[in-house]
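> okay, predicted coordinates and the sequence, questions at the end:
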Amino acid sequence: MVVLAVAVFLGAAVQGAIGLGLGLLAAPVAALVAPELVPGTLLWLSMLLPVFTLAREWAHVDWWGLRWAFAGRVPATVLGAWIVSVSSPRVLSVVVGLVILVAVALTVRTIRLPMRRGVLAVAGAVSGISGTATSIGGPPLALVYQGELGPRVRSTLGMYFLIGAGFSLIALTVVGELGRAQIVPALGLTPPLVAGFAAASALRAFVDGGRLRLAVMAVCTLSAVTLIVRSLAG
């Protein structure tokens, strides 16, 4: 649990600085050391962390973009919950790793997606499936917003995570894949989550020239490869 707490701290710090990162850093570790906590426990944390971001940058939320993103996410969340109900922990672990590798590859190429209704809806749909099934739902929408200013990215993604994680938790409850065993650990991981967000204040001043971005991609790639190899090795 100590290893997972460190991952949550680092993920919260990164997300507090750039808008996403909790799922990318904490999900692989959780899938390795405590797969029974994926995705429920991390979804609880994903719903809590944005509250702090929104308390600081509420005025910058892009409500128009969120409307179309959720038009895609809401129906896709049901599909994601079904995937959780029929898949084994090993399969989910591989999925988590592949999602991270794809997100890193797309980020390296710095693909620019147009801010259009259809693009936002598709990003929301992909995010709904991956977020519900693996706790990693940020990259699809983040790719659309990557050219926006920091406060707009952080606040919009924060609101998206807050509402989206709520939808995912409801869907998991309906299909019987969420219980007390995943809720209680979230309470124990809340202190490192809060500490990580507090540390993000210093990170935001440091984020320039792509230094933090490159470090995050390296950590995510290593975590994803380790997760996939260990899952396939069984």
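In hand now; what should we look at?

> okay, and the closest residue in space to residue 165 that isn't next to it in sequence sits in which element?
The shortest distance from residue 165 to any non-neighbouring residue, by Cβ to Cβ, 6 or more residues apart in numbering, is to residue 47 (3.8 Å). Backbone N, C-alpha and C define where each C-beta goes, glycine included. Secondary structure from DSSP states H and E places residue 47 in helix 40-57.

> what's the answer for residue 136, then?
Using DSSP H and E, residue 136 sits within no helix or strand.

> got it, and residue 113?
Using DSSP H and E, residue 113 is not contained in any helix or strand.

> and the helix holding residue 47, what does it pack onto?
Identification of packing neighbours for helix 40-57 by 3 or more Cβ pairs under 8 Å, 6 or more residues apart in numbering; DSSP states H and E yields helix 2-18, helix 22-33, helix 117-134, helix 150-174, helix 180-188, helix 190-206.

> before we move on, back to that, relative to residue 207, how far out is the residue nearest to residue 165?
24 Å (Cβ to Cβ, to the nearest Å).

> do residue 148 as well
According to Cβ to Cβ, residue 148 and residue 207 sit 14 Å apart.

> repeat for residue 66
The value you get for residue 66 to residue 207, if Cβ to Cβ is used, is 24 Å.

> which of those two has more residues huddled nearby?
residue 66 (20 against 15; other Cβ atoms under 10 Å).

> which ones are touching residue 145?
Residues in contact with residue 145 (Cβ atoms under 8 Å, 6 or more residues apart in numbering) are 19, 62, 65, 115, 152, 153, 156, 157.

> now those residues in TSV, please, with extra columns for pLDDT, neighbour count and distance to residue 130.
Formatted as TSV, those follow (pLDDT from 0 to 100; neighbours: other Cβ atoms under 10 Å; distance: Cβ to Cβ, whole Å):
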residue	pLDDT	neighbour count	distance to residue 130
19	88	27	17
62	97	19	21
65	97	23	19
115	89	15	21
152	89	17	23
153	88	22	19
156	95	27	18
157	94	27	14
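
> what is the nearest of those residues to residue 42?
Set against residue 42, the nearest of those by Cβ to Cβ is residue 157 (15.8 Å).

> the closest one reaches residue 21, doesn't it?
No: judged on Cβ atoms under 8 Å, residue 157 makes no contact with residue 21 at a distance of 10.1 Å.

> please enumerate the shared neighbours of the two.
residue 138.

> surely residue 171 is in contact with residue 76?
No: between residue 171 and residue 76 there is no contact under Cβ under 8 Å: 10.0 Å.

> now do the shared contacts for the two.
Joint contacts of residue 171 and residue 76 (Cβ under 8 Å, 6+ apart) are residue 132.

> residue 141: how many residues sit nearby?
The burial count for residue 141: 30, using other Cβ under 10 Å.

> change the start of the numbering to 290 and stick with it
Understood, numbering begins at 290; the last thing we discussed is residue 430.

> who touches the closest residue in space to it that isn't next to it in sequence in this structure?
Nearest residue to residue 430, sequence neighbours excluded (Cβ to Cβ, 6+ apart): residue 412, at 4.8 Å. The contact partners of residue 412, by Cβ under 8 Å, 6+ apart, come to 358, 361, 402, 429, 430, 432, 433.
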